[in-house]
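Engineer: Sequence plus the predicted model coming up.
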Amino acid sequence: MNRTTQGWIFGFLGMLVFSGSLPATRLAMAGFDPVFLTVARAVLAASVALVLLIVTRQSLPDRRDFQSLLIVSLGTVFGFPLLTALALQYVTSAHSLVFIGLLPLSTAIFGVLRGGERLHPIFWLFSGLGSALICGYALRNGLHGALKGDLLMLAAIVVCGLGYAEGATLSRRMGGWQVICWALVVALPLMLALLFVTLPADWSHIGVASWWSLGYVAIFSSLVGFLLWYRGLALGGIGAVGQLQLLQPFFGMVLAAVILSETVDPTMVMVTMAVIVCVFGAKRFSRPVAR
């Protein structure tokens, strides 16, 4: 099996794990404050990551890599989880999942800026069309009162795309699982400090579902998914494998409907299907071109 095929397999598995992140976050917020949920998931994931690094006797990252690890931490450990949790106070998880269709474009742009990739012009045409569909959907719903949630989701997509591209670039020399583990550990001191500041005053109202959801976003969304995703991006290319995330809204909407009994608007489905067509078009022209 060649590197590209392996990359797509790892990327697809990572995308499946991430599909449950927003529904699980919405479920966890029934019992937890958004800021506490963000730092708690980071601390739990970092604790497991630290054990993995110690058990496998990993060397400390090179000094030149700490800046990149900070960027990964800002984008994926803190920025995206916090911004999406805040957004979910104003919109449903099904609504927010439509914005995940912007992630491949955001990742591809930062892949060019931070990873030095060059992609075919038609790739950008399809990616831009998919993004335009999502922005149109956001503006349509923003006029009905969800604009604040939409803007928070757009900000989350920007910082997450940066974190994905930076982590994938770093994975080429450090290894995918090492990148996310070290990024979690780098963020751990700040997350621990924030954890004690944001501890709930009353734990009695927190249900079992919220605890299980916290466990999912901590272990799977914050760690396992990234182990697979960064491996996929490093093997198959940031811009190319990143297009798989355009399939995430579809899987996420199914989970939102089944687990949360959320209504999936027909417009959401139509926009998602149109964006999926764009991802297949972009995939065809996603191979990096020669300089």
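Structural biologist: Great, that's in hand. Residues are numbered from 1 along each chain as shown.
Engineer: Does the most far-flung residue of the chain relative to its centre belong to a helix, a strand or coil?
Structural biologist: No residue in the chain sits farther from the centre than Ser204, which is 30.7 Å out by C-alpha atoms, centre = their mean. In three-state terms, and counting by DSSP: H, G, I helix; E, B strand; the rest coil, Ser204 is coil.
Engineer: Can you give me the pLDDT of it?
Structural biologist: Looking at Ser204, its pLDDT stands at 84.
Engineer: Output the below-cut-off pLDDT ranges for the protein.
Structural biologist: 113-120, 134-135, 137-146, 239, 283-291 (pLDDT under 70).
Engineer: Which helix in it has the most residues?
Structural biologist: Ranked by residue count and defined by DSSP state H, the top helix of the chain is helix 147-174.
Engineer: Output the contacting helices and strands for that helix.
Structural biologist: Packing contacts for helix 147-174, counted by 3 or more C-beta pairs under 8 Å, 6 or more residues apart in numbering; DSSP states H and E, involve helix 66-72, helix 80-87, helix 93-97, helix 103-115, helix 121-141, helix 176-197, helix 225-236, helix 238-242. In this view, the C-beta of every residue, glycine as well, is placed from N, C-alpha and C.
Engineer: buried stuff in that helix?
Structural biologist: Buried positions in helix 147-174, judged by neighbour count with 16 or more other C-beta atoms under 10 Å: 149-150, 152-171, 174.
Engineer: And stretch 247-267, by the same measure?
Structural biologist: Buried-residue list, stretch 247-267, by 16+ other C-beta under 10 Å: 247-253, 255-256, 259-260, 262, 264-265.
Engineer: With adjacent residues omitted, what lies nearest to Met191?
Structural biologist: Among residues not flanking Met191 along the chain, Ala42 sits closest, at 4.3 Å (C-beta to C-beta, 6 or more residues apart in numbering).
Engineer: Show me the contact partners of the host helix or strand of the one you found.
Structural biologist: Ala42 is part of helix 34-55, with elements assigned from DSSP states H and E. Identification of contacts with helix 34-55 by C-beta atoms under 8 Å, 6 or more residues apart in numbering yields 25, 28-29, 32, 77-78, 81-82, 85-86, 88-89, 177-178, 180-182, 184-185, 187-188, 191-192, 194-195, 198-200, 214-215, 217-219, 221-223.
Engineer: run the last query once more with 6 Å
Structural biologist: 28, 77, 81-82, 85-86, 181, 184-185, 187-188, 191, 194-195, 198, 217-218, 222-223 (C-beta atoms under 6 Å, 6 or more residues apart in numbering).
Engineer: go on, stretch 230-240?
Structural biologist: 3-4, 6-8, 10-11, 14, 108, 111, 115, 117, 119, 165, 167-168, 171-172, 176, 179, 241, 286.
Engineer: Kindly report the same for stretch 201-211.
Structural biologist: With C-beta under 6 Å, 6+ apart as the criterion, stretch 201-211 contacts Leu27, Ala28, Ala30, Gly31.
Engineer: Quick one: residues contacting the second one.
Structural biologist: Ala28 makes contacts with Leu37, Ser210, Ser213, Leu214, as judged by C-beta under 6 Å, 6+ apart.
Engineer: Give me the subset of those residues that lies in helices.
Structural biologist: Checking those against DSSP H, those in helices are Leu37, Ser210, Ser213, Leu214.
Engineer: hang on, Ala165 packs against Thr107?
Structural biologist: Yes. The criterion here is C-beta atoms under 6 Å, and Ala165 meets it with Thr107 at 5.4 Å.
Engineer: Out of the contacts of Ala28, give me the one that has the most neighbours.
Structural biologist: Neighbour counts for the contacts of Ala28 peak at Ser213, which has 27 neighbours (criterion: other C-beta atoms under 10 Å).
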